[in-house]
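Q: the following comprises the amino acid sequence and a computationally predicted model.
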Amino acid sequence: MKQVHLYSDGSSLGNPGFGGYCAILKFGAYEKIVCGGQNPATNNQMELKAVIEGIKAIKEPCSITVTSDSSYVVKGINEWLEGWIKKDFKKVKNPELWREYKAVSVKHKVFAIWVKGHAGHQENEKCDMIARGEAEKLQKNERMH
């Protein structure tokens with residue numbers, strides 16, 4: 001199984017507000033950036049959307065290490081998801097996104113690692129900058145219309 005590193009971050013201007021997400025996929029020397037946004041969105045929604053969209057870009061079953069500054073995403077993936085599935089996502093925030101995560105991650109082996117945000121982690125900083133840029137792009141387009 002190939003080992004892929006997925007670095008992710010989400011942003012929300014206003015929380016909820018204009019949202020942006022970014023995932024950077026790394027496999028050997030190969031790097032791919034997946035990003036986008038939506039309005040309205042919360043920060044947690046964009047954090048999770050980054051992981052979902054990043055995984056969607058992987059074409060074959062892989063061992064994926066997700067690196068995120070979101071404890072919500074990291075704990076959701078590593079600790080909470082199994083219990084949420086058992087109770088059919090009752091009383092879980094963003095159940096539609098967690099169901100989508102479950103669907104796209106099923107053929108992969110996923111483990112998440114938490115990193116402190118805005119602490120100089122190169123890929124996390126890059127994801128943060130791109131995610132914020134996606135949210136700002138949506139906000140700017142809204143102002144123009």
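A: Thanks, I have it.
Q: in the strand or helix carrying residue 26, which residues are buried?
A: Applying DSSP states H and E as the criterion places residue 26 in strand 17-27. If you call a residue buried by 16 or more other C-beta atoms under 10 Å, then strand 17-27 has these buried ones: 17, 18, 19, 20, 21, 22, 23, 24, 25, 26. Yep, even glycine has a C-beta here, placed from its N, CA and C like the rest.
Q: okay, helices next: where are they in this protein?
A: 43-56, 71-75, 81-86, 95-105, 122-144 (DSSP state H).
Q: in the buried residues of strand 17-27, find the pair that's most separated.
A: With C-beta to C-beta as the measure, no two of those lie farther apart than 17 and 26, at 29.8 Å.
Q: any idea how far the nearest residue in space to residue 76 that is not next to it in sequence lies from residue 81?
A: Once flanking residues are discounted, residue 76 sits nearest to residue 98: 6.9 Å by C-beta to C-beta, 6 or more residues apart in numbering. From residue 98 over to residue 81 the distance is 7 Å, taken as C-beta to C-beta, to the nearest Å.
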